[in-house]
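# predicted coordinates and the sequence they were generated for:
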Amino acid sequence: MTRFPIEEFTSLQTPFYFYDLKLLERTLKEIKRTARDPRFKIHYAIKANANPGILRSIQAAGLGVDCVSGWEIEAATEAGFRGDRIVYAGVGKSDNEIRLGLDMDIECFNVESEPELRIINELASEKNKIAKVAIRVNPNIDAHTHAYITTGLAENKFGITIEQLPEIIAIARELPCVELRGLHFHIGSQITETEPFVMLCETINRLQDEYDKIGVSFATINVGGGLGIDYAHPERHPIPDFESYFMTFHNHLKLRSGQELHFELGRSIVAQCGSLITKVLYIKEGSTKRFAIVDAGMSDLIRPALYNAHHKIENITNPNDDLHHYDVVGPICESSDCFGQGELLPCIKRGDLLALRSAGAYGEIMASRYNCRPFPHSYFSEN
């Protein structure tokens with residue numbers, strides 16, 4: 001259970017991000033326990049949270065890292081990740097970002113188009129290097145999640161279609177400065193059902209069977225990430241069900257001898273350890289609603305405005321008073337700057353501190369300076 005040190009918070013400038021490093025440590029230990037199959041290799045998806053303190057904890061736990069930009073590669077190396085533990089995905093890798101990956105001798109480029117494959121070969125040739133690549137395949141699987149974070153359908157921009165795969169593989173095998181290492185998949189984020197992952201396993205099994213027949217094998221299969229968390233009950237489920245997640249792949253995916261299975265987990269590792277702490281500025285009585293106006297805004301946590309997502313809101317100053325309904329809104333000049341409507345919360349008054357839970361993923365990393373607001377600071381607890 002995350003403990004909020006209210007007495008310490010009162011001296012800090014709000015809003016700010018608060019990270020429970022003890023919970024992060026427990027989460028990382030649970031991943032290592034449940035991903036005990038020696039063929040399983042875990043990479044942290046840095047796009048979820050690139051806070052240096054978070055990255056150092058994850059690096060110390062022995063995970064690799066999944067990057068989607070050159071700047072993420074730089075952040076990873078600054079946190080101590082070796083190049084051979086970095087995989088690099090993204091539909092729009094610039095030449096300079098590819099060169100950086102080559103200079104770092106990264107573990108793998110996850111390639112998303114034929115033109116990208118040819119450019120990687122060309123740039124690797126200029127450096128007299130061999131680039132290790134995996135082909136990102138779009139399996140056309142509906143992950144039953146928000147449209148903005150579904151990535152495995154035919155109409156998504158990511159990867160290549162299964163129908164295009166034979167031609168791309170043939171090209172990769174002919175290019176002199178790329179080494180085809182494997183296949184890469186990612187079907188979406190915040191997936192809370194096992195069915196999409198089972199369907200992914202079945203698709204991979206079918207593809208591998210087809211390529212076995214023509215003598216094409218892959219050293220690695222990368223199934224991405226996507227495991228969801230419980231936003232409604234962060235205290236009840238502070239750590240996702242990694243056991244079921246990894247067992248789904250253990251039971252349904254038919255790995256070949258010597259083959260590695262790579263995962264790229266982000267949200268499920270860091271979301272529950274982080275909260276956005278905000279102070280109540282005003283209680284405004286409307287004709288039909290009561291508003292709690294806070295000093296955090298969509299610039300500090302954009303998920304509610306962008307995805308219509310909901311984060312559990314807690315009154316951590318006054319947790320035991322009578323319950324009332326509030327619309328919890330921020331100061332940004334946008335009607336979408338709203339964290340919750342009709343929230344049933346203990347009586348709120350000016351100066352109270354509220355915690356927006358499960359903000360460790362896609363909170364700080366997506367912050368902006370809209371309305372010229374400064375970026376919030378971050379603080380850590382190891383107790």
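Yep, that arrived.
# okay, and for the chain, where does confidence drop off?
Along the chain, the parts satisfying pLDDT under 70 run over 142-156.
# now with 90, please.
Filtered on pLDDT under 90, the chain yields the residue ranges 1-3, 139-158, 188, 286-287, 382-383.
# before we move on, what SS does the closest residue to residue 74 other than its chain neighbours have?
Spatial nearest neighbour of residue 74, excluding adjacent residues (C-beta to C-beta, 6 or more residues apart in numbering): residue 100 at 7.4 Å. In this view, the C-beta of every residue, glycine as well, is placed from N, C-alpha and C. Counting by DSSP: H, G, I helix; E, B strand; the rest coil, the backbone at residue 100 sits in helix.
# what separation is there between residue 100 and residue 70?
5 Å (C-beta to C-beta, to the nearest Å).
# for residue 13, same thing?
Counting by C-beta to C-beta - residue 13 and residue 70 are separated by 32 Å.
# likewise for residue 339?
33 Å.
# so those two - more neighbours on which side?
residue 339 (26 against 19; other C-beta atoms under 10 Å).
# leaving out the residues flanking it, which one is nearest to the more buried one?
residue 328 (4.5 Å).
# who are the contact partners of residue 289?
325, 327 (C-beta atoms under 8 Å, 6 or more residues apart in numbering).
# bridging residues for residue 328?
Beta-bridge partners of residue 328, counted by DSSP bridges, are residue 292, residue 340.
# could you pull up the residues touching it?
291, 292, 294, 313, 338, 339, 340, 343, 345, 354.
# count of neighbours near the residue nearest to the fifth one when sequence neighbours are not counted?
I take that to be residue 338. Among residues not flanking residue 338 along the chain, residue 329 sits closest, at 4.8 Å (C-beta to C-beta, 6+ apart). Neighbour count of residue 329, defined by other C-beta under 10 Å: 21.
# equivalent analysis for residue 219, please.
Residue 219 - counted by other C-beta under 10 Å - has 15 other residues nearby.
# which residue is the nearest non-sequential neighbour of it?
In space, residue 219 is closest to residue 181, 5.1 Å off (C-beta to C-beta, 6+ apart).
# the one you found in helix, strand or coil?
Taking three-state DSSP, the label given to residue 181 is strand.
# OK, contacts around it?
108, 132, 133, 134, 218, 219, 220.
# how about the contacts made by the residue nearest to residue 74?
So residue 100 contacts 70, 73, 74 (C-beta under 8 Å, 6+ apart).
# looking at the contacts of residue 181, which are in strands?
108, 132, 133, 134, 220 (DSSP state E).
# format these as TSV; extra columns: distance to residue 334 and neighbour count.
Below are the ones in strands among the contacts of residue 181 laid out as TSV (distance: C-beta to C-beta, whole Å; neighbours: other C-beta atoms under 10 Å):
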residue	distance to residue 334	neighbour count
108	40	26
132	44	22
133	42	24
134	40	25
220	44	20
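# what's the farthest-apart pair in those residues?
Farthest apart among the ones in strands among the contacts of residue 181 by C-beta to C-beta are 133 and 220. That separation is 10.6 Å.
# shared neighbours of these two, anything?
With C-beta under 8 Å, 6+ apart, residue 133 and residue 220 have common neighbours 108, 181.
# what's the longest strand along the chain packed up against?
For the chain, the longest strand by residue count, based on DSSP E, is strand 274-285. Contacting strand 274-285 under the criterion 3 or more C-beta pairs under 8 Å, 6 or more residues apart in numbering; DSSP states H and E are the following elements: strand 16-20, strand 290-294, strand 353-356.
# next SSE downstream of the shortest one?
The one in question is strand 353-356. strand 377-381 (DSSP states H and E).
# chain center to that next one: distance?
20 Å (C-alpha atoms, centre = their mean, to the nearest Å).
# strand partners of that strand, parallel vs antiparallel please.
Sheet pairing of strand 377-381 (DSSP bridges) gives strand 16-20 (parallel).
# for the following helix or strand past the strand it pairs with, which positions count as buried?
Using DSSP H and E, the helix or strand that directly follows strand 16-20 along the chain is helix 21-34. Within helix 21-34, the residues that qualify as buried are 21, 23, 24, 27, 28, 30, 31, 34, counting by 16 or more other C-beta atoms under 10 Å.
# farthest pair in those residues?
Largest pairwise distance in these, by C-beta to C-beta, is 20.4 Å, between 21 and 34.
# list the buried residues for the longest strand of the chain?
Counting neighbours by 16+ other C-beta under 10 Å, one finds that the buried residues in strand 274-285 are 274, 275, 276, 277, 278, 279, 280, 283.
# CA-only coordinates of the longest helix along the chain in CSV, if you can.
The helix spanning the most residues in the chain, taking DSSP state H as the definition, is helix 195-212. Written as CSV, here are the backbone C-alpha positions of helix 195-212 (Å, rounded to 0.1, in the frame of the first residue of the first chain):
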residue,chain,number,x,y,z
GLU,A,195,-7.9,-13.6,-25.5
PRO,A,196,-5.9,-11.1,-27.7
PHE,A,197,-2.6,-12.6,-26.4
VAL,A,198,-3.8,-16.1,-27.2
MET,A,199,-4.8,-15.0,-30.7
LEU,A,200,-1.4,-13.5,-31.1
CYS,A,201,0.3,-16.7,-30.1
GLU,A,202,-1.8,-18.6,-32.6
THR,A,203,-0.9,-16.2,-35.4
ILE,A,204,2.8,-16.5,-34.6
ASN,A,205,2.6,-20.3,-34.4
ARG,A,206,1.0,-20.4,-37.9
LEU,A,207,3.6,-18.1,-39.3
GLN,A,208,6.5,-20.0,-37.9
ASP,A,209,5.1,-23.3,-39.2
GLU,A,210,4.9,-21.7,-42.7
TYR,A,211,8.5,-20.5,-42.6
ASP,A,212,9.8,-23.8,-41.2
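# show me what that helix packs onto, helices and strands only.
So helix 195-212, by 3+ C-beta pairs under 8 Å, 6+ apart, packs with helix 242-252.
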